[in-house]
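Student: Sequence first, then the predicted structure:
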Amino acid sequence: MDVLKLKKPPRKLLVIKPSSLGDIVHSLPFLNALRDSFPKAEIHWIIAKGLEGLLEGHPMINKLWIINKDEWKRIKGAGTTIKELRSLFKSLKAERYDIVIDLQGLLRSGILAKAAGAPVRVGFKGAREGSRIFYTHTVKGGKDIHAVDRYLEIAKFLGCDISDIKFPFPLSFTSFAAGRLGRLAEESEHARGGQLSPLSFQLPDKYAVIVPGARWETKRWHPERFGELASMLSVKSIVVGGESDADIAGVVVRNSDGNAVSAAGKTTLKELIEIIRNAMFVVTNDSGPMHIAAALNVPVFAIFGPTNPLRTGPYGKPHVIIRKALECSPCYKRKCKNLQCMEMIEVREVADAIRQN
């Protein structure tokens, strides 16, 4: 691979990676390589509203641009969206970036890259929705490698050393050191906006985390089975997820024989990270919290069906993939009438994998 020839180290860089949760976690080693290679440069990052808790206050990032991309899709708010985009484009251009890196690879992110006005705009050759036309340089990422390694291909093109792969999460919050989950601070309390209720329990000294949700319905193992699994574990389980996962988390709890409690919809993203950070292990579908656990070196037992763990599984060791080697898997289908890849995974199989590791 050719390496980008720079006349001088960049003064200011912009990384475009607004979503999703797991993908942003996968891009953290890229951030680490970028910061190590350009210690004096300003690094800015564009992230989607709702996920900013993952990178807020990060010591490697000088400025976080938070975009409300979901609102941009609504036709009724087109007028407001146009005004917001014009303002954003003007502000990005005023920063006078030396390099813009688009890790998202979609039309919207390509337009943002172009709008920033940097002389060097880097993205993937395989970027979708025609976004590659906005780049000055493209890098072959590959489809059969893990997302972490794919992002690092761009870091390599920029001349970064990628031999030391690290996931630089912000430092742990001291309020969790005593094993309790409370309200973090006035800043975190304000972020709730009155929408989330505090947990009504204290975290035990030893516990497992269960993640029964996933963005695709086809990636979800039955919550009843997660509950049965929780009833078989020697430690209490904390069930996590977003507000949309509250109902299935309740199913897990009801089937756990009193050995699980739900935190789904009751935590900020920062609090979720801390719950996972201090867990003994995590049992999960292919989901964003799974990638957080892997990045924090918490042992993961991941249940896979329609997706490929070689591309998007928990990165590194020591993690265990539980899946069925069926001819139709991975199929990457979001809907399936015969979801045998998930149906065939039994509770005892997952419990045995946990006991053996």
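Tutor: Yep, that arrived.
Student: Contacts only, for the residue lying closest to Leu233 once chain neighbours are set aside.
Tutor: Spatially, and ignoring its direct neighbours in sequence, Leu233 is nearest to Ala208 (5.8 Å; C-beta to C-beta, 6 or more residues apart in numbering). Quick note: C-beta positions are derived from backbone N, CA and C, even for glycine. Ala208 makes contact with 230, 233, 235-238, 279-283, according to C-beta atoms under 8 Å, 6 or more residues apart in numbering.
Student: So which of these sit within helices?
Tutor: Ala230 (DSSP state H).
Student: Quickly list the domain ranges of the chain.
Tutor: 12-157, 174-355 (automatic domain parsing).
Student: measure Val350 to Lys143 for me?
Tutor: Look at Val350 and Lys143: by C-beta to C-beta, to the nearest Å, they are 29 Å apart.
Student: More neighbours: which of those two?
Tutor: Val350 (21 against 8; other C-beta atoms under 10 Å).
Student: now that one: how far from Lys49?
Tutor: On the measure of C-beta to C-beta, Val350 and Lys49 end up 35 Å apart.
Student: try His222
Tutor: 32 Å.
Student: more crowded one of those two?
Tutor: His222 (17 against 13).
Student: Show the pLDDT at that one.
Tutor: The per-residue pLDDT reported for His222 equals 96.
Student: what do you get for His44?
Tutor: 98.
Student: What of the one 5 residues further on?
Tutor: Predicted confidence (pLDDT) for Lys49: 93.
Student: Would you check that it makes contact with Ile67?
Tutor: Yes. Lys49 sits in contact with Ile67 when judged by C-beta atoms under 8 Å, with a separation of 6.7 Å.
Student: before we move on, which element is the nearest residue to Ser131 once chain neighbours are set aside in?
Tutor: Among residues not flanking Ser131 along the chain, Gly110 sits closest, at 2.9 Å (C-beta to C-beta, 6+ apart). Taking DSSP states H and E as the criterion, Gly110 maps to helix 107-115.
Student: What of Thr138?
Tutor: Using DSSP H and E, Thr138 falls in strand 137-139.
Student: tally of neighbours for Ala279?
Tutor: Other residues close to Ala279 by other C-beta under 10 Å number 24.
Student: pretty sure it is touching Lys236, no?
Tutor: No. Shown here, Ala279 and Lys236 do not form a contact pair, counting by C-beta under 8 Å, at 10.6 Å.
Student: Quick check: neighbours shared by those two?
Tutor: Common neighbours of Ala279 and Lys236 (C-beta under 8 Å, 6+ apart) are 207-208.
Student: Is there a quick PyMOL command that grabs whichever of the contacts of Ala208 are buried?
Tutor: Typed into PyMOL, the line below selects the buried ones among the contacts of Ala208, using 16 or more other C-beta atoms under 10 Å:
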select buried, resi 230+233+236+237+238+279+281+282+283
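Student: mind giving me TSV with the contacts of Ala208 and columns for distance to Lys335 and pLDDT?
Tutor: Output for the contacts of Ala208, formatted as TSV (distance: C-beta to C-beta, whole Å; pLDDT from 0 to 100):
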residue	distance to Lys335	pLDDT
Ala230	28	98
Leu233	32	98
Val235	35	97
Lys236	34	96
Ser237	29	97
Ile238	30	96
Ala279	32	97
Met280	35	97
Phe281	31	98
Val282	27	98
Val283	24	98
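Student: The residue nearest to Ser131 and Ile16, how far apart?
Tutor: 9 Å.
Student: These two: which has the busier surroundings?
Tutor: Ile16 (27 against 24).
Student: how far away is the more buried one from Pro39?
Tutor: 22 Å.
Student: Then Cys331?
Tutor: Taking C-beta to C-beta, one finds Cys331 at 44 Å from Pro39.
Student: Neighbour count for the two, which is higher?
Tutor: Cys331 (16 against 9).
Student: Check whether the closest residue to the more buried one other than its chain neighbours sits in a helix, strand or coil.
Tutor: Nearest non-adjacent residue to Cys331, counting by C-beta to C-beta, 6+ apart: Pro306, 5.1 Å away. Following DSSP: H, G, I helix; E, B strand; the rest coil, we place Pro306 in the coil state.
Student: Spit out the contact partners of Pro306.
Tutor: Here Pro306 is in contact with 216, 218-219, 329-334, 336, 339, 341-342 (criterion: C-beta under 8 Å, 6+ apart).
Student: switch the cut-off to 7 Å
Tutor: Counting by C-beta atoms under 7 Å, 6 or more residues apart in numbering, Pro306 touches 218-219, 329-333, 336, 341.
Student: Can you name the element that comes right after the lowest-mean-pLDDT helix or strand in the chain?
Tutor: Ranked by mean pLDDT, DSSP states H and E, the weakest helix or strand in the chain is helix 186-192, scoring a mean of 36. Counting by DSSP H and E, the element after helix 186-192 in chain order, helix or strand, is strand 207-211.
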